[in-house]
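Have a look; sequence and predicted model below, questions after that.
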Amino acid sequence: MIRIGSKVRSFDFDGRSLEGPRACYVEGVVIGFANHEGCDRYEIRVERDVCRGEDSDRRIGCVVIPPLNGTPSMLGGTTNFVELV
């Protein structure tokens, strides 16, 4: 179960590649939960940012707010982009 203080990886897209050009994700710590524009979300302070398989410093220190796992997706199905590390 993901809770405040959990170390997580949040993928930017549907795939879960950790290497190569399709690897796009952040790793960080859950600092809270929020409702943003009617959608319940994780608040994650970014400690590592990977874009196209390369480490980046673009989002380090920022807070990202992906939807909670299980949130209905606009394209059908449900979101499942955040996992415990």
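Received, thanks. Predicted model, so just to flag it, every value in this text is computed and none were measured.

Let's see the pLDDT reported for residue 70.
pLDDT for residue 70: 96.

Please name the nearest non-neighbouring residue to it.
In this structure, residue 70 finds its nearest non-sequential neighbour in residue 78, 5.2 Å apart by CB to CB, 6 or more residues apart in numbering. All C-beta atoms are positioned from the backbone trio N, CA, C, and that covers glycine.

Okay, and the beta partners of the one you found?
Counting by DSSP bridges, residue 78 forms beta bridges with residue 72.

Does it touch residue 72 like I think?
Yes: assessed by CB atoms under 8 Å, residue 78 is found in contact with residue 72 at 5.7 Å.

ok, back up a step: for the residue nearest to residue 70, list the residues it contacts.
Shown in contact with residue 78 (CB atoms under 8 Å, 6 or more residues apart in numbering): 69-72.

could you dump those to CSV with distance to residue 42 and neighbour count?
Converted to CSV, the contacts of residue 78 look like this (distance: CB to CB, whole Å; neighbours: other CB atoms under 10 Å):
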residue, distance to residue 42, neighbour count
69, 9, 13
70, 12, 9
71, 10, 14
72, 16, 11
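
could I get those residues as CSV with distance to residue 22?
Formatted as CSV, the contacts of residue 78 follow (distance: CB to CB, whole Å):
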residue, distance to residue 22
69, 20
70, 24
71, 23
72, 25
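
Many thanks, we can stop here.
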